[in-house]
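**Student:** what's the 3D shape of this:
(one chain, ligands or ions: 1)
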Amino acid sequence: MKVVISVDLEGVCGVNSWVQVSPPEFGGLVNAAEYQAARERMTLEAAAAAEGALAGGATAVLINDAHDAMRNLLPERLPESLPPAQVRWTSGNDKPLSMVQGVQEEGVGALLFVGYHARAGSVRGPLAHTWNGFIRNVRINGRDTGEYGLNALVAGYYGVPVVFASGDDVAMAEIGDELGPQVVCVAVKEGLSSFAALHLHPREAQRRIRTGAEQAVRAAREAKPYTTLWPARTELSFDHQARADQCERVPGVTRVDAVTVAYESPDALYLFQFFRMLSKVAEVRLEG
Ligand SMILES: [Zn+2]
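**Tutor:** Residues are numbered from 1 along each chain as shown. Below you'll find the model as predicted:
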């Protein structure tokens, strides 16, 4: 069985500030040393999940860099392919399936989340957000969700279940609540506020991830792909009405309130790609 590991950065042990997750070439949050330390820990957590997956019976592991420009992983620190097992990794944005690139490949039996964070608006979730800085909420068929829910639905479209997640405790509670007990959840830190956390030692976090991923992949054949009722209604709320103004001009989009638009999707792939498109459409200059 092949597995895909989607690795984000905000939920990694030791991370609780935007400074740590911003590559130096982006924006004003320049702190190369802090970013470098965070990406090293991100890589070691991904490596721990990959080792666990291989120990749990995976024959191939695809590690998908899923943060920001998606050029964070340090591949020399990842486990090497030990034939017949194969380890591959992706780099670069924009990939056809973004954070879950690889789930569409033949023979993938499980998806693992590493470094995941809580959805936009979650109290006590360090760096809680959904996709970008201006989406305030994503609601699918009446349920508020985050990146984990969108990604789980896309994987489900390809028949792939989510079996493991690591990140902060608020994110783990949200993921357990939405995706159910089949997901082995490992909290590597406890959220204290939007920008503070109580962390495990990084090596302890990596050990727990390795053990949890092994257990999760061993049980993956029993796991069910995630889905919802179709056609599904998605409501997107923004931080400013100008973003909803732009989205409302897209055929098929309706206005719900000043900052919220809605659309219907026949399946999860449509839902996800339409969501990505509206995220782009909503990127307006608020200065006018
Ligand atoms: Zn991220």
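**Student:** the stretch 51-200 of the chain: helices as residue ranges?
**Tutor:** Using DSSP state H, counting those that start in this stretch, the helices of the stretch 51-200 of the chain run over 147-157, 169-179.
**Student:** list the contacts of the last one.
**Tutor:** The reference is to helix 169-179. 11, 113, 116-119, 122-126, 128, 143, 145-146, 148-149, 152, 162, 165-167, 183, 185-187, 189-191, 226 (Cβ atoms under 8 Å, 6 or more residues apart in numbering). In this view, the C-beta of every residue, glycine as well, is placed from N, C-alpha and C.
**Student:** run a quick neighbour tally on the nearest residue to Met1 once chain neighbours are set aside.
**Tutor:** Among residues not flanking Met1 along the chain, Gly109 sits closest, at 3.7 Å (Cβ to Cβ, 6 or more residues apart in numbering). Gly109: 19 surrounding residues under other Cβ atoms under 10 Å.
**Student:** up against the ion, what does this structure have?
**Tutor:** 8-10, 67 (Cβ under 5 Å from the ion).
**Student:** try it again at 8 Å.
**Tutor:** 8-10, 21, 66-68, 115, 117, 127, 147 (Cβ under 8 Å from the ion).
**Student:** and the chain, what are its domains?
**Tutor:** With domains defined by automatic domain parsing, the chain comprises 2-222, 232-281.
**Student:** any idea which of these is most buried?
**Tutor:** Among the domains of the chain, ranked by average contacts under mean count of other Cβ atoms under 10 Å, first place goes to domain 2-222 (a mean of 21).
**Student:** pLDDT on that domain, on average?
**Tutor:** When pLDDT is averaged over domain 2-222, the result is 95.
**Student:** which residues touch the residue in the stretch 51-200 of the chain positioned nearest to the ion?
**Tutor:** Nearest residue of the stretch 51-200 of the chain to the ion: His67, at 3.8 Å (Cβ to the ion). By Cβ under 8 Å, 6+ apart, His67 lies in contact with 7-10, 21, 42, 115.
**Student:** if we go to 7 Å?
**Tutor:** By Cβ atoms under 7 Å, 6 or more residues apart in numbering, the contact list for His67 reads 8-9, 21.
**Student:** just the ones in strands from the contacts of helix 169-179, please.
**Tutor:** Judged by DSSP state E, the subset of those located in strands is 113, 116, 143, 145, 162, 165-167, 185-187, 189-191.
**Student:** can you put those residues in JSON lines and add distance to Gly56?
**Tutor:** Shown next, in JSON lines, are these (distance: Cβ to Cβ, whole Å):
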{"residue": "Phe113", "distance to Gly56": "16"}
{"residue": "Tyr116", "distance to Gly56": "19"}
{"residue": "Arg143", "distance to Gly56": "30"}
{"residue": "Thr145", "distance to Gly56": "27"}
{"residue": "Val162", "distance to Gly56": "15"}
{"residue": "Ala165", "distance to Gly56": "15"}
{"residue": "Ser166", "distance to Gly56": "15"}
{"residue": "Gly167", "distance to Gly56": "20"}
{"residue": "Cys185", "distance to Gly56": "16"}
{"residue": "Val186", "distance to Gly56": "14"}
{"residue": "Ala187", "distance to Gly56": "20"}
{"residue": "Lys189", "distance to Gly56": "24"}
{"residue": "Glu190", "distance to Gly56": "26"}
{"residue": "Gly191", "distance to Gly56": "28"}
